[in-house]
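>>> The sequence and its predicted three-dimensional model are supplied below.
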Amino acid sequence: MKNSFGSSVTVTLFGESHGAAIGAVLDGIAPGIEIDEDFIAGQMSLRRAVGKISTARQEEDKVRIVSGVFNGRTTGTPITFIIENQDTRSRDYGELAYKVRPGHADYTANVKYHGFQDFRGGGHFSGRITAGLVAAGAVAIKALATKGITIGTHILSCAGINDRGFENIPEDIARLNGIEFAVLGDGVKEKMIAAIESARDDGDSVGGRLETAVYGFPAGVGEPWFDTIESVLSHILFSIPAVKGVEFGEGFALTELRGSQSNDAFYSEDGEVRTKTNNCGGILGGITDGMPIIFRTAVKPTPSIYKDQQTVDMNTGENTTLTIKGRHDPAIIHRARVVVDSAAALVLCDQLALRYGTDWLAEK
């Protein structure tokens, strides 16, 4: 199913950017899990556009749950989240019916769907569709938290400005989950925002890297070869619009080391096997080793920019230029971090259900 993901816990996304509504269906979640609508609303606010560094499109993103929840808890049946689109301005996209935008899925969607796709605001390919992912992911994040598993993501770099890495992971995660612009270092937020605003003033955009930590995840989860934790996480992460790279642990930096430097030495403490370093990012042989899962996600610059760009007129087949109109983000990385958290939480719930059974998350 091309719009669904997961094996035991599954999520299906639906809707278009300028359609009546978007949303998600979350299936396979055990019955009895508490649904915290205030927490869902808080997660949605982290994805919502805010201030001059985001699009001027303002959506309330109020989540309506129409199935799968009764008396504040999951029933075990599919949970349907509906988010109405309210601040659409489709007239800005009339030219895009035949002029494809560089960096977007306009051309590939036109070929795949024979010109019948909804091109307004990117349609089903729009980053707006991630709102449903965040709504479903909020349930997964809260379910994991009941088992002492926490997730946090920060902006490791943006426009050439770097944040510090994770140090005290539990404290850093708690800090990140309480702030809107997710950075760890002092003074980094102001520098990144200034760089984003500078790109906006130039009619341009910037990208960056996100770094995610998962703390408290048990050892022994995952499969060798084709369903490794890395492969299933990468699968869903690459489904997020604008994501162009994923690495685990020290990732590509390991290629510069010798084996004696990259190997994580084991030791025993209080009856638990640990590693002295975490270069592997908490995963060995595709299976979790009990250390924090660490991965980084590369987010490309927002493709919608206010500059003349070369393109093709799909009606005539002729070369032409395009100046994009409408309301667009000069950067999406600060909004994408909660999407990454949500996607990771859904995968990890799925993997735990496969390992321990579908009701494990609901057990006290």
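Looks like it came in fine. Residues are numbered from 1 along each chain as shown.
>>> could you pull out the strands for the stretch 51-200 of the chain?
63-67, 69-70, 73-74, 79-84, 150-158, 161-162 (DSSP state E, counting those that start in this stretch).
>>> out of the ones you listed, nearest to A21?
Of all these, it is strand 79-84 that lies closest to A21, at 4.8 Å by Cβ to Cβ. C-beta: built from backbone N, CA, C; applies to glycine.
>>> Tell me how far that closest one lies from the chain's centre.
18 Å (Cα atoms, centre = their mean, to the nearest Å).
>>> Which elements pack onto it?
strand 21-27, strand 63-67, helix 130-145 (3 or more Cβ pairs under 8 Å, 6 or more residues apart in numbering; DSSP states H and E).
>>> could I get the strands of the stretch 51-200 of the chain as a markdown table with mean pLDDT, distance to Y306 and mean neighbour count?
Formatted as a markdown table, those follow (pLDDT from 0 to 100; distance: least, Cβ to Cβ, whole Å; neighbours: other Cβ atoms under 10 Å):
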| stretch | mean pLDDT | distance to Y306 | mean neighbour count |
| --- | --- | --- | --- |
| strand 63-67 | 97 | 32 | 15 |
| strand 69-70 | 98 | 42 | 16 |
| strand 73-74 | 96 | 44 | 18 |
| strand 79-84 | 96 | 27 | 22 |
| strand 150-158 | 98 | 19 | 24 |
| strand 161-162 | 98 | 22 | 18 |
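>>> Dump those strands to TSV, plus distance to T228.
Compiled in TSV, the strands of the stretch 51-200 of the chain are given as follows (distance: least, Cβ to Cβ, whole Å):
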stretch	distance to T228
strand 63-67	32
strand 69-70	33
strand 73-74	28
strand 79-84	28
strand 150-158	19
strand 161-162	29
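>>> just so I know, which of those lies nearest N279?
strand 150-158 (16.6 Å).
>>> Which element, helix or strand, includes H235?
Assigned by DSSP states H and E, H235 falls within helix 229-237.
>>> Give the next helix or strand downstream of that helix.
strand 243-248.
>>> Would you mark the buried spots in that following strand?
Residues V243, V246, E247, F248 are the ones in strand 243-248 that count as buried (16 or more other Cβ atoms under 10 Å).
>>> I'd say the second one and F295 touch.
Yes: using Cβ atoms under 8 Å as the test, V246 is close enough to F295 to be in contact (6.2 Å).
>>> got a list of what the closest residue to S8 other than its chain neighbours touches?
Among residues not flanking S8 along the chain, A353 sits closest, at 4.0 Å (Cβ to Cβ, 6 or more residues apart in numbering). Contacts for A353 (Cβ atoms under 8 Å, 6 or more residues apart in numbering) come out as S8, V9, G28, A30, W360, L361.
>>> Among those, the buried ones, what's the PyMOL command?
A single PyMOL command selects the buried members of the contacts of A353 (16+ other Cβ under 10 Å):
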select buried, resi 8+9+28+30+361
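>>> Among the contacts of A353, find me the one that's closest to G137.
When these are compared for distance to G137 (Cβ to Cβ), V9 wins out at 11.1 Å.
>>> From L26, how far out is that closest one?
Separation of V9 from L26 (Cβ to Cβ, to the nearest Å) stands at 7 Å.
>>> what is the mean pLDDT for stretch 307-322?
Mean per-residue pLDDT for stretch 307-322: 90.
>>> relative to helix 229-237, how tilted is the strand or helix carrying the residue nearest to S8?
Per DSSP H and E: A353 is located in helix 333-356. For helix 333-356 against helix 229-237, the angle by axes from the mean of the first three to the mean of the last three Cα atoms, to 10 degrees is 130 degrees.
>>> For stretch 346-360, what does the pLDDT average out to?
pLDDT averaged over stretch 346-360 gives 94.
>>> Surely G123 touches T108?
No: between G123 and T108 there is no contact under Cβ under 8 Å: 12.0 Å.
>>> Would you mind naming the residues that bridge with A213?
Counting by DSSP bridges, A213 is bridged to G152, I294.
>>> Please give me every residue in contact with it.
A213 sits next to I151, G152, T153, F166, I169, D172, I173, P292, I293, I294 when contact means Cβ under 8 Å, 6+ apart.
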